[in-house]
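Undergrad: Pasted the sequence and its predicted model underneath.
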Amino acid sequence: MLDAFSDPQTPEEAEAWALIQQRREADALAIQELLFTQKQRLVAAERKLATKETKAALNDQRIATNKIEKARRDLEDLNRTEPKERDTRFFPGWYSTVLTEENGERIVRPMRYQCRPEGTPAFFDAKYPGTYNARRDSLGGYWKKLFGYKHGLIVATRFYENVEGSDGKNQVLEFTPQTGEDMLITCLWSHWVDPKGIEPDLYSFAAITDEPEPEVAAAGHDRTIINIKPEHVDAWLNPQGDLAAMQYIFDDKRHPIYEHRLAA
C-alpha cells in the first residue's frame, strides 16, 4: 500500500511519500537501537554461560537471539525496493485499502483492520480486541449502527486462519479459491471522530464472517469471510438501510472451494 506513493503524480502524493520516507527512517533508527541493545544482552548472557549455565542466562540468550534475527529481517524489509508477495498480507491493527461509495463516488481508503464504531470510546480497542471481524449473527447488535449504512469491500486473492495442528500447536493456514478468482470480501467501516478533539480521526473496518464453508471447517476453523458475487457489488456499497436485501446478498454469496496449505 505504501509503495503506491513511490511514484507521486500530485503534490498530495509527493507529500505522502515524503512522510512515508520519514517514518521509514525513524523505524530504521529504532531497529538499529534495538539491535545494539540486544547484541549487548546476548554478549552478557554468553559471558555468564561461559562460567556457569543458568536458566536466566539461557533465557536471555534465546530472547536476544530471536530479537536480533527479527530486527535484521525488519531492517532488510525497510531497505529493499523489490516487492514480495507477503507485503500484501495484513494483520489486525494494520492498515489495508477498502473500497467504499460515498456521495455517489467510489473511494479507496486506507483503513485500520480493527473497527472502532463511531460513538464508542477509544479504549474499546483494548477492551474488544476482536473487532477486526464482525460476525454475521451479531450484525443486529454491536454492529447495528454500521450494518445497512457503512459498507465496504476488500479485493483479495487469499485469506489466513489460525488452527490447532495435530500436535496441539497453532498453525496458520492459507486459503485460496480453487477457481483463482479474486474474492470480494464484505466489510463494515467507520469514520471515528474524537468528540473532545484530542485524538486523531480514525478510519477503520471489520471483515464480516459467517458459518464456515465445509472445507474450512474440515481444516479446523469455525468462521469464513463472506465472498459476494460481482453482481451484488452496487447494492452492497449502497445499502440504504435495507437489511433484508443485505442478508439476501449474504445468502447468495459465492462458494468456491477454498484450497489450503500451511502459510509460508
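TA: Perfect, thanks for sending it. Bear in mind that the values here come from a model prediction, so they are computed numbers and not experimental data.

Undergrad: Check whether His191 sits in a helix, strand or coil.
TA: strand (DSSP: H, G, I helix; E, B strand; the rest coil).

Undergrad: what's the burial count for the closest residue to Leu99 other than its chain neighbours?
TA: Closest residue in space to Leu99, ignoring its immediate chain neighbours: Leu153 at 4.6 Å, by CB to CB, 6 or more residues apart in numbering. Placement of C-beta: from N, CA and C, glycine included. Other residues near Leu153 number 22, with proximity taken as other CB atoms under 10 Å.

Undergrad: name the element Leu153 belongs to?
TA: Using DSSP states H and E, the element containing Leu153 is strand 151-156.

Undergrad: residues in contact with that strand?
TA: With CB atoms under 8 Å, 6 or more residues apart in numbering as the test, strand 151-156 has contacts from 96-100, 111, 182-189, 205, 207, 228, 233, 236-237, 239, 246.

Undergrad: got the buried residues for that strand?
TA: His151, Gly152, Leu153, Ile154, Ala156 (16 or more other CB atoms under 10 Å).

Undergrad: Would you mind measuring from the fourth one to Glu213?
TA: In this structure, Ile154 and Glu213 are separated by 18 Å, where distance is defined by CB to CB, to the nearest Å.

Undergrad: do the same with the second one
TA: Distance of Gly152 to Glu213, given as CB to CB: 22 Å.

Undergrad: Assign the residue nearest the centre of the chain to helix, strand or coil.
TA: Centroid-nearest residue in the chain, with CA atoms, centre = their mean: Phe91, separated by 3.0 Å. Here Phe91 is recorded as coil under three-state DSSP.

Undergrad: which residue sits closest to it, ignoring its sequence neighbours?
TA: Nearest to Phe91 is Tyr113, by CB to CB, 6+ apart, at 7.1 Å.

Undergrad: That'll do, ta.
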